[in-house]
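Asker: what shape does this take:
(chains A and B)
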Amino acid sequence: MRLTVKKLAKSYGFLWALRDFDLELPPGSFVALLGPNGAGKTTLLKLLAGLTMPSAGAIELDGENFAANSSITRGQIGLLAPADHLYDQLTARENLRFFTALYNKSGQAGMLELALEEVGLAGRADEFAGNLSAGLKCRLSIAKWRLLDPGLLLLDEPYGVLDGSGIDLLEMFLREQCDKGHIVMMASHHVARALGLCSRALILHQGRLTFNEAKQTPWSSFDRAFGDFLPRGGS
Amino acid sequence: MTLLRQTYLLLCKDLRLELRRRDSLLTMFFFGTLLLFVFHFSFDVAPDKMAEMAPALLWLAFLFTGTLGLAQLFQAERDNHCLDALLLSPLDRGALFLAKSGFNLLLMILVELVVMPLFWILFNLSNWNLLPQLFLVTLMGTVGFCVLGTIMSAITLRARARELLLPLVLFPLMIPVLLATIRCMETVLRTGTFADAAPWLRLLLGFDVIFLTLGVLIFDWVIEA
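Answerer: All right, here's what the predicted structure looks like:
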């Protein structure tokens, strides 16, 4: 999958949450989306997911305009929001069964059980999602997107609710997605973790893209660009 | 995946959630029954005036009861931002409209199946033989209420005071359905046949077909706005 974004902009009244955003991503890219609070990271993810209509600009997936054949392109995009997008009164298994059926990917029953096992929820598959902790819900979301296998996976602050093994699980899943040629874009304030995984970093500031570079070692240009947003520490 | 298959999938999910929570159906059932008792103790209707009064009283109860159900219609989707999960999927928005309308219709039918005979008992009505015909008319009115109610419920979904806003936008638009259903029921109660109620039946059928089609076509825009 190839992602092209041209002059993307979003305004809420007179406030520009995002403007003049251009991006070209080849298959297998892992993008770390960084920036201070209110920079426009979540707005960008929502625009790419099709949950918000852009005020201007275009998004193309494999050269096809996002809006032109939306139901097909929508099936190619995933948004992993930790502890969200699950029905509390359905069990873990029922949630997976419902969403795989919705994406028309419920063919292999064994895959569902395997996905539950891989995220450590095989023993709790018949518990209501509402009874699971935020971390376990995030694991269930990982199982969900593992089964749905989207070409473009967007993540919004996934680290906050996961424990150590959960983080390993997530990062392994994200690496697998990139190895398959899929694109992953992760918004996070865990800069070190995000930089460890990414092939490209983007920095947003006040709705504008201020940094867009492929990963290098050492990466002095990133250090200079991101230095302004690092915590100063108290005294 | 076809529109009908997606509708079936969503409807099964909503029914399963309702069977587990039981909040919408129980609230609607008790509120509908309560209204009948309030009407029973408030109105002393002469038997010869009952043909004029019964349909209006019944539909007042259905209207208020149904609005309670509509206010809860998207509750499962509001929790955990599940609506975003549905909008993110390749789901046809028309299927979401059909499933939500169908789900609300099922709840309303269950409530009406209890409330209508209870009304006959409380108001001591003798013409039980007309109940199936009256139920058929009520069903047509309920379809209109549910399709229009689902559209309005989706429009007010992101509003701050949606529970207050919903009846304010829904009730004026419901006037043609209410008028046609009540007049039709009144005619059936007076004459015992559908023959004289044909114009009202046509209006009801037209309303149902127009808003059902419109809902499937515009729900994409309505739910994403």
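Asker: tell me which parts of chain B are close to chain A?
Answerer: Residues of chain B that fall close to chain A, judged by C-beta under 8 Å from any C-beta of the partner chain: B:1, B:6, B:9, B:13, B:16-17, B:20-21, B:76, B:79-82, B:84-92, B:224. (Glycine included, C-beta is placed from N, CA and C.)
Asker: ok, of these, which come out buried?
Answerer: B:1, B:6, B:9, B:13, B:17, B:76, B:79-82, B:84-92 (16 or more other C-beta atoms under 10 Å in any protein chain shown).
Asker: burial measure for A:Glu214, as a count.
Answerer: Actually, residue A:214 is Ala rather than Glu. 10 (other C-beta atoms under 10 Å in any protein chain shown).
Asker: follow-up on the earlier one: in helices only, show me the residues of chain B next to chain A.
Answerer: Secondary structure defined by DSSP state H assigns B:6, B:9, B:13, B:16-17, B:20-21, B:76, B:82, B:84-88, B:224 of the residues of chain B next to chain A to helices.
Asker: farthest pair within these?
Answerer: With C-beta to C-beta as the measure, no two of these lie farther apart than B:Arg20 and B:Glu224, at 28.4 Å.
Asker: got any ranges where the chain has weak pLDDT?
Answerer: As the question left the chain open, I've gone with chain A. Regions of chain A meeting the criterion pLDDT under 70 cover residues A:67-72, A:107-108, A:229-235.
Asker: ah, I was thinking of chain B
Answerer: Within chain B, the segments meeting pLDDT under 70 span B:1, B:225.
Asker: could you pull out the helices in it for me?
Answerer: B:3-21, B:23-42, B:50-71, B:75-78, B:82-88, B:93-122, B:131-155, B:162-173, B:175-191, B:198-224.
Asker: which residues does the second one contact?
Answerer: Read it as helix B:23-42. Where contact means C-beta atoms under 8 Å, 6 or more residues apart in numbering or on different chains, the residues beyond helix B:23-42 that reach it are B:18, B:57, B:60-62, B:64-66, B:68-69, B:72, B:107-108, B:110-111, B:114-115, B:118-119, B:122-123.
Asker: name the nearest residue to residue 141, sequence neighbours excluded.
Answerer: Just so you know, I chose chain A. Excluding the flanking residues, the one nearest A:Ser141 by C-beta to C-beta, 6 or more residues apart in numbering or on different chains is A:Leu80, at 5.4 Å.
Asker: the intended chain is chain B.
Answerer: For B:Gly141, ignoring the flanking residues on the chain, the nearest one in space by C-beta to C-beta, 6+ apart is B:Thr181 at 3.3 Å.
Asker: contacting residues for that neighbour?
Answerer: Contacts for B:Thr181 (C-beta under 8 Å, 6+ apart) come out as B:55, B:59, B:137-138, B:140-141, B:144, B:200, B:204.
Asker: same thing but 10 Å
Answerer: For B:Thr181, the contact set (C-beta atoms under 10 Å, 6 or more residues apart in numbering or on different chains) comprises B:55-56, B:58-59, B:62, B:134, B:137-142, B:144-145, B:174, B:200-201, B:203-204, B:207.
Asker: which of the ones in helices among the residues of chain B next to chain A lies closest to A:Val31?
Answerer: Nearest to A:Val31 among those: B:Leu88, at 18.8 Å, using C-beta to C-beta.
Asker: now do the same contact list for B:Arg22.
Answerer: Here B:Arg22 is in contact with B:Phe29 (C-beta under 10 Å, 6+ apart).
Asker: burial count for residue 217?
Answerer: Reading this off chain A. A:Thr217: 4 neighbours (other C-beta under 10 Å).
Asker: oops, chain B please
Answerer: For B:Leu217, the count of nearby residues is 13 (other C-beta under 10 Å).
Asker: setting aside sequence neighbours, what's the nearest residue to it?
Answerer: B:Leu217's closest residue in space is B:Gly94 (C-beta to C-beta, 6+ apart), at 7.3 Å.
Asker: okay, now that neighbour: neighbour count?
Answerer: By the criterion of other C-beta under 10 Å, B:Gly94 has 18 neighbours.
Asker: please apply the same query to B:Phe62.
Answerer: Neighbours of B:Phe62 (other C-beta under 10 Å): 24.
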